[in-house]
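[1] What follows is a predicted protein model with its sequence.
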Amino acid sequence: MGKSVTVYLLSIAGLCAPSLCADPVLPHLFSEHMVLQREVAVPIWGWADSGEKITVSLAAQIAETVAGEDRRWKVALRPMQAGGPFTLTVRGKKTVEIKDVMFGEVWLASGQSNMAYALSGAVGAESEIPKALNPLVRFFTVPKRISLTPQDETLPANWELCSPDTAKRFSAVSYFFARDLYSVLNVPIGIVLSAWPGTAAEEWTAPDELRREPILAPIVQRWEALPADVKSFAAHPAEFSLEFDDFELSSENSSSNPSLPLSNFDDGTPRTATGGSWSYVWADAPGSALELISPGRGGSAYAARVAGTLDGTSSSELLGSFHVDGSPADLRAYSGIRFWVRGHGMLQVQLLQPSISDWDNYSIDSVRVADEWKQVTVSFKDLKQEGWGVAKPFTPESLSGIRIVGLTPAGDPDRPPSGLYEGMITPLKNFRIRGAIWYQGEGNTWRAYQYRTLLPALIRGWRQAWGEGDFPFLIVQLPNQGSSTELGDSIWAELREAQFFTARSVANTGLAVTIDVGDAKNLHPPRKAEVGQRLAAWALGTTYGEKIEYSGPLYDSMKISGNAIRIKFKHIGAGLEAHDGQLKGFAIAGADRKFHWAEARIEGQSVVVSSAEVNAPVAVRYAWAESPECNLYNQGGLPASPFRTDDWPGATYEKR
């Protein structure tokens, strides 16, 4: 057997299963600095030995119970007004104390990457982060978890006080939402963040809801038709092992510019010849590690091996820097990078450049690894971005390193429908909340028509799980992004319409319109302050009864009058107005369903739309494009939601 040199030791914090820990045990949601929802009965629950007497005390309240045969116990405390700090004490065979407990307003924040987007990357972060010092605003981040069955508990996590250090890492939208709520309500604010980049809404939806609606059935059917190894990966970690050796910078003209050996690990170190080194991000893949093993490819010295297990939440990343301080190197003299690899699994190679900050790095397609050594050539001319981030030119004169993403033999398989609902939502359902904010939809744009049913199903399932009635559910409508055919179909417009329909038809929902704060070339626009502010305005104007205009104009009705159509809106506030000149973004069509750009003017509380090319109009559309040019607002400075008055089948009508 070969010897090995460990480069990064594996460090795993053991999970304390309720059945194994000393009694009594509380969920991770119950930790120091927690915020409990004011003015409602508050459940406190956990686990203990069957028959064990449990006494719970908090803020002069005392409640007693006995753990059942399933070891579970639960009590409910009377409603409390905002305030604190208090100490939660739970006595059984031992005593557990949780200090600095506050009562205030608790909101759940969920969705995909734009909800998870950190404050550090937002516009204005440089000035906002130093001001983010408020111990009465508190954050809890639910760790990523996929499950095929309901979970009682989150993975280990703690509440954190809002400080420059914690806020910069937290969701920017959630931070601005909490900041604005606190500024008006002046009570403790708790945000429970349960979000995952790149996820689809069906992953967050209760399984019964997906099976209830025929239009959603294909979602489940696609999953059930996948190979068994793909489905098993959702429930069980899979093994992988990748060995690397003999990295070199290759040249197309070896006579005038020979190739440069970059790393062969022969000296037992992970150094690179350019002055950097290899490292392993083991915190993102805690079931694996990087080692230098002997012998290497040539039968002597060393090779690098990354091995262990991965699950759907893990990300194995072997990082090679060109300089020890991370500064970029000029590799224009070379045509690419070559290396040898063997093992069990797959890999993807990415080149890192400072101009790309959104992870859409230049890369090659995934490569399957075999038992025998084989050479992988990464040609600079073949590299490409995947296309979901900001398009940037490749800069061989400024490359900071290499990222090798290790995968199991299954590659990067689909996650199961309801997998995040079971793993990251059901553990929260006993924790009282005031409401939820939701920023998601990018992952469902190609099935936007289906989203009309899917989003209400998600909301219905969450409300049933919490059993709190129709708690507020506030939706971020997708911003401007991408490009579409002029006056043609737009899948992003259809997704925004599905969000608008949900807000109009599902009780106690709201819509934060963001059509003016996106970026046509950036799926992750950095203007997050306006998003959080508009969510907070809706909550303040509805849930908390503040006398403010909390929404921009929302389409209400239309009336045909000769060769024009008059559009009426809700939420016009003090009146309608066009920003920056004449109204833009309106189109009109006759019975032939052919749209033409229209002239639009504000008349009182309506907009009148017409075109010399349409004598008998039947339909109007506004801001109907991926990145529309549009400028209708109310005088409160809030933008109008995109809309259409027709119901003609669009690009996603039959997509399931």
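    Thanks, I have it.
[2] Which helix or strand lies directly C-terminal to the helix or strand harbouring L292?
    Taking DSSP states H and E as the definition, L292 sits inside strand 288-293. Moving toward the C-terminus from strand 288-293, the next helix or strand (DSSP H and E) is strand 303-310.
[3] Give me the contact list for that following strand.
    4, 7, 10, 237-245, 263, 265, 270, 278, 280, 285, 287-297, 316, 318, 343, 406-408 (CB atoms under 8 Å, 6 or more residues apart in numbering). From N, CA and C alone the C-beta is placed, and that goes for glycine too.
[4] average pLDDT for that strand?
    The average of the pLDDT scores along strand 303-310 is 95.
[5] and it with strand 288-293, angle?
    Put simply, strand 303-310 runs at 160 degrees to strand 288-293, going by axes from the mean of the first three to the mean of the last three CA atoms, to 10 degrees.
[6] Parallel or antiparallel, which strands does strand 303-310 pair with?
    When pairing is defined by DSSP bridges, strand 303-310 lines up against strand 238-250 (antiparallel), strand 288-293 (antiparallel).
[7] would you list those in JSON lines and tack on mean neighbour count?
    Shown next, in JSON lines, are these (neighbours: other CB atoms under 10 Å):
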{"stretch": "strand 238-250", "mean neighbour count": "21"}
{"stretch": "strand 288-293", "mean neighbour count": "22"}
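[8] mind checking which of these is nearest F569?
    Of all the strands paired with strand 303-310, the one in closest proximity to F569, counting by CB to CB, is strand 238-250 (53.0 Å).
[9] so after that closest one, what's the next helix or strand?
    Using DSSP H and E, the helix or strand that follows strand 238-250 towards the C-terminus is strand 260-263.
[10] any idea how far S483 lies from T445?
    Distance from S483 to T445, counting by CB to CB, to the nearest Å: 13 Å.
[11] Who has more neighbours out of these two?
    Neighbour tally, S483 and T445, criterion other CB atoms under 10 Å: the higher count belongs to T445, 23 against 12.
[12] Is the more buried one located within a helix, as I assumed?
    Yes - under DSSP: H, G, I helix; E, B strand; the rest coil, T445 sits within a helix.
[13] what's it in contact with, if anything?
    Counting by CB under 8 Å, 6+ apart, T445 has contacts L478, I491, W492, E494, L495, T652.
[14] can you rerun that using 10 Å?
    For T445, the contact set (CB atoms under 10 Å, 6 or more residues apart in numbering) comprises 451, 478, 481-482, 490-496, 498, 626, 651-652, 655.
[15] again with G461
    Contacts of G461 (CB under 10 Å, 6+ apart): W204, T205, A206, P207, D208, E209, L210, R212, S418, Y421, I425.
[16] how close does the nearest residue in space to E486 that is not next to it in sequence get to I364?
    Leaving out its chain neighbours, the residue that sits closest to E486 by CB to CB, 6 or more residues apart in numbering is A625, at 7.6 Å. Using CB to CB, one obtains 33 Å as the distance from A625 to I364.
[17] Also E252?
    17 Å.
[18] do the same with I433
    I433 is 44 Å from I364, by CB to CB.
[19] One more: K521?
    Distance, K521 to I364, using CB to CB: 23 Å.
[20] Comparing these two, which residue is more hemmed in?
    More neighbours surround I364 than the other of K521 and I364, with 18 against 14 (other CB under 10 Å).
[21] For that one, give me its contacts.
    Applying CB under 10 Å, 6+ apart to I364 gives the contacts 336, 347-351, 376-379, 382-384.
[22] could I get those residues as JSON lines with distance to N186 and pLDDT?
    Shown next, in JSON lines, are those (distance: CB to CB, whole Å; pLDDT from 0 to 100):
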{"residue": "G336", "distance to N186": "59", "pLDDT": "95"}
{"residue": "L347", "distance to N186": "52", "pLDDT": "96"}
{"residue": "Q348", "distance to N186": "49", "pLDDT": "96"}
{"residue": "V349", "distance to N186": "52", "pLDDT": "96"}
{"residue": "Q350", "distance to N186": "47", "pLDDT": "96"}
{"residue": "L351", "distance to N186": "50", "pLDDT": "96"}
{"residue": "V376", "distance to N186": "59", "pLDDT": "96"}
{"residue": "T377", "distance to N186": "62", "pLDDT": "95"}
{"residue": "V378", "distance to N186": "56", "pLDDT": "95"}
{"residue": "S379", "distance to N186": "60", "pLDDT": "95"}
{"residue": "D382", "distance to N186": "58", "pLDDT": "94"}
{"residue": "L383", "distance to N186": "52", "pLDDT": "95"}
{"residue": "K384", "distance to N186": "51", "pLDDT": "95"}
